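**Q** fold the following for me, if possible:
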Amino acid sequence: MSDECRGLWLQERSGDVVSTCLSGRQVDNVMGTFERDETGNLTSVRAFRFEWTIEENLVTDGREETDPEAEDFEEDFHDYTKDFDESVDNAAMTSLTTWRYDQVISETFANDGQLTAIAYVILTIYACIVMSSRSKLYSRSVLGLAAVFTVGCSVVSGFGLCLAIGIPFSLVVNSVIFVMLGLGVDDAFVILDALTDIGDTETVIKTKLGRTLARAGASITLTSVTDCVAFLAGASTIIPALQAFCFFAAVTIFFDFFYQVTLFVAFVRFEEDRIARSQAACTCCCAPFCMDKTIVEPDAACCTTSPMTQAEARDTFMRRCVTNYLPDVILTTPGRIVVLLSVVAILVSGGIGIDALELDFNIDWFIPDNTDVGRALDIQEDFFAGQQTPVSFYTGSVDYFALQGRLPVFCDAIRDNDDVDDLSVSCWYEEFEEDTGNAGSNAATEEDFYEAVLTYVNSEQGSRFEDFIRFSDDNSTILATRIPAELVDTDSGDEDIEQMDSVRDTADDFPELEARAYATSFLFLEGLAIVYEETIRNVLLALAVVFLVSLVFLADISAAVIVLLNISAVDVALLGYIHWLGMHMNTVIAINVLLAIGLTVDYSAHIAHAYMHSAGTRPERAKKALGHIGVSVVNGGITTFVATLPLAFAQSYVFQ
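**A** Numbers count the residues shown, from 1 in each chain. Take a look at the predicted model:
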């Protein structure tokens, strides 16, 4: 700020500062929602904005580069604005720094990570309830703890292996934990359902467990293999975050399958030994008396033969609904018509939604509104129409002396781009020529030109361009230059992508300058530009893989086609209803779409496998399939819902 402007500011003559020192664009950047009277004098200002750029001092810390000095300054600055007393100073102050921005995102994810513990508790309670029984003897509620424990083991093993082999961890990988909470316990339900279905017809425990795995093993192997292969196929994407998520998910699902058929089955063996001893479940209130074989009164002690059979113990209202009431409704002619019409309606609305689906992503979505950073972002949006995106145009190692005539043409082309705020363009060459009286164009030799530019940037007048021009070590030539500008505001991710392509096209028109356009936001937009195509590609690839695996395991092409059609229908509905729910397509949504494929595969494959191993007419086989695996599928769906229910209270965009 010049001495004249500083003096006017100290005299609190804001109107004179505006008229004397700031251009029209600068006024909009500094003052938000201001008013003038009929004479043009400033009468009110709702908000002021001041910006500082901190000098970069990077320090290498292992594999990362950090800037401790800048971080310390930003932390102190944040503390200063946080302690600003609004009642004393008659004004409110808030700050927005890179350090605090990153800290809020990290804190938000850490707080939401606590929801994982809540989800585990809720899931454990539900699993224990499902595996319990009215019979003290046949109640296996302790296996609910074992099932959740095996899921935890799979998460630890899967994450540990992926990190050990160098697969990068990203914030979205945390979603795998909640995937496993839903998927992991499903296999335990299938194993236990097969065990209780055998009932008391087999008394040799080893043989009973063998028959159990023979019935349930093929089904859970089918779903685990399809899940693993589907996620591994998704890992072929070129989007790094999506690729890492798929690797973590595939490896963790493999470990879950391994632990379910080994560790969980070992826990089942302990429970079967207990039942063989006619010893009540450990949840019985009088467990200490269980070793006393002289106590046989059912209501007084635990050591007694159960007054009900295992078949009677597993006869619950849910089982009757799934195995009797549901098929009696949907397998009738009116029921089939209703189901068919419902599916058609869902698919049509889903197709319309897919056609209207838009791309959009904003890193600010990761910031909760109730934080200081969220309030700062709201102020920017309310009073300053958001924060314009900075963009830089670079020129490479070329003969600047010979091509200096092209530099002002390049700057004019940048200003003429409708996606660039023309007043934001800071062209070093034009300022250099104006301030030095055309010292560049008047230079007789190449040495004179570079010497004039070097002298200018080392002067007080041209020092503002010191970081915009990179000289060689001996200062004999220019290696690269930067022309900073700002992009105009947009309303959607599609417009952001078009904007990125537009400024790149402007730079590509000057190959002789080796021109390039770059903005930090382009890192996100590059992924956003291809996320829709990548998602569709990954979905189709996963569907193809699921079909082939189902064909191998089911050994029936019609059953494999039915599984494929069912999963395809779910994907169409899912993608379409993203639009109807007011969301947009981006990398986070793409991960959840692939996640949904894994969930859908399990349900479809379980039913198809049970159908193929049932006898009778088609309606009879369908009813038997529901009787065999339907309750496990329903419980699997409920556990998925229960596991993700705590995420309703999440603050971060990834979990929301």
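**Q** may I see the buried residues of stretch 246-259?
**A** Going by neighbour count (16 or more other Cβ atoms under 10 Å), the buried part of stretch 246-259 is 246-257, 259. Every residue, glycine included, has its C-beta placed from N, CA and C.
**Q** in helices only, show me those.
**A** 246-257, 259 (DSSP state H).
**Q** closest to Thr389 among these?
**A** Cys246 (30.3 Å; Cβ to Cβ).
**Q** picking that back up, pick out the most distant pair among the ones in helices among the buried residues of stretch 246-259.
**A** Largest pairwise distance in these, by Cβ to Cβ, is 20.6 Å, between Cys246 and Tyr259.
**Q** off-centre distance for the helix or strand where Val179 lies?
**A** Assigned by DSSP states H and E, Val179 belongs to helix 175-198. Computed by Cα atoms, centre = their mean, to the nearest Å, the chain-centroid distance of helix 175-198 equals 25 Å.
**Q** same check, this time on stretch 484-504
**A** 23 Å.
**Q** show me where the protein has its strands.
**A** 31-36, 42-48, 59-61, 64-66, 389-395, 469-471, 478-487, 516-518 (DSSP state E).
**Q** mind listing what's buried along the longest one?
**A** Of the residues in strand 478-487, those with enough neighbours to count as buried (16+ other Cβ under 10 Å) are 478, 481-483, 485-487.
**Q** Thr395 is in contact with Arg406, isn't it?
**A** No: in this structure, Thr395 is not within contact of Arg406 by Cβ atoms under 8 Å, at 9.2 Å.
**Q** what about those two, which has more around it?
**A** Between Thr395 and Arg406, counting by other Cβ atoms under 10 Å, Thr395 is the more crowded of the two (25 against 18).
**Q** could you pull up the residues touching the closest residue in space to the more buried one that isn't next to it in sequence?
**A** Excluding the flanking residues, the one nearest Thr395 by Cβ to Cβ, 6 or more residues apart in numbering is Leu513, at 4.4 Å. Residues near Leu513 by Cβ atoms under 8 Å, 6 or more residues apart in numbering: 395-396, 398, 403, 406-407, 410.
**Q** most surrounded residue in these?
**A** Thr395 (25 neighbours).
**Q** identify the bridge partners of it.
**A** When assigned by DSSP bridges, Thr395 has beta-bridge partners Thr481.
**Q** quick one: pLDDT of it?
**A** Model confidence at Thr395, given as pLDDT, is 93.
**Q** for it, give me its contacts.
**A** Contacts for Thr395 (Cβ under 8 Å, 6+ apart) come out as 407, 410, 480-481, 483, 510, 513-515.
**Q** what is in contact with Thr395 and Arg406 at once?
**A** Joint contacts of Thr395 and Arg406 (Cβ under 8 Å, 6+ apart) are 510, 513.
**Q** so Val601 touches Ser224, yeah?
**A** No: the pair Val601 and Ser224 fails to qualify as a contact (Cβ under 8 Å) at a distance of 9.7 Å.
**Q** who has more neighbours, those two?
**A** More neighbours surround Val601 than the other of Val601 and Ser224, with 29 against 23 (other Cβ under 10 Å).
**Q** now do the more buried one against Phe264, distance only.
**A** According to Cβ to Cβ, to the nearest Å, Val601 stands 21 Å off from Phe264.
**Q** got it, and Glu495?
**A** 51 Å.
**Q** and these two? which has more neighbours close in?
**A** The residue with more neighbours, out of Glu495 and Phe264, is Phe264; 24 against 16, by other Cβ under 10 Å.
**Q** isn't the more buried one right next to Ala188, touching?
**A** Yes: using Cβ under 8 Å, Phe264 makes contact with Ala188 at a distance of 5.6 Å.
**Q** any shared contact partners between these two?
**A** With Cβ under 8 Å, 6+ apart as the test, Phe264 and Ala188 both reach 143, 146-147, 150.
**Q** by neighbours, which of these wins?
**A** Within the shared contacts of Phe264 and Ala188, neighbour counts (other Cβ under 10 Å) peak at Ala147, which reaches 30 neighbours.
**Q** give me the nearest residue to that one, chain neighbours excluded.
**A** Leaving aside its sequence neighbours, Ala147 sits nearest to Ala188 (Cβ to Cβ, 6+ apart; 3.7 Å).
**Q** for that neighbour, give me its contacts.
**A** 127, 143, 146-147, 150, 260, 264.
**Q** on that earlier part again, closest to Gly576 out of the shared contacts of Phe264 and Ala188?
**A** Ala147 (34.1 Å).
**Q** please name the residues that touch that closest one.
**A** Ala147 sits in contact with 127, 131, 184-185, 188-189, 264, where contact means Cβ under 8 Å, 6+ apart.
**Q** which single one of these is nearest to Arg49?
**A** Nearest to Arg49 among the contacts of Ala147, with distances taken as Cβ to Cβ, is Gly184, at 49.4 Å.
**Q** for the closest one, grab the count of nearby residues.
**A** Neighbours of Gly184 under the rule other Cβ under 10 Å: 29.
**Q** ok, now the one 10 residues further on?
**A** By the criterion of other Cβ under 10 Å, Ala194 has 21 neighbours.
**Q** my read: it touches Thr212, true?
**A** Yes: between Ala194 and Thr212 a contact is recorded at 4.8 Å, counting by Cβ under 8 Å.
**Q** just to revisit the earlier point, distance to Ser614 and pLDDT added to the ones in helices among the buried residues of stretch 246-259, as CSV?
**A** Output for those, formatted as CSV (distance: Cβ to Cβ, whole Å; pLDDT from 0 to 100):
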residue, distance to Ser614, pLDDT
Cys246, 34, 85
Phe247, 37, 89
Phe248, 36, 90
Ala249, 31, 87
Ala250, 31, 88
Val251, 34, 91
Thr252, 32, 91
Ile253, 27, 90
Phe254, 29, 91
Phe255, 31, 93
Asp256, 27, 90
Phe257, 24, 90
Tyr259, 29, 92
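**Q** between these, which is closest to Glu446?
**A** Phe247 (53.0 Å).
**Q** which ones are touching the closest one?
**A** 162, 167, 231-232, 235.
**Q** go again with 10 Å.
**A** Neighbour list for Phe247: 158, 161-162, 165, 167-168, 173, 176, 231-232, 234-235 [criterion: Cβ atoms under 10 Å, 6 or more residues apart in numbering].
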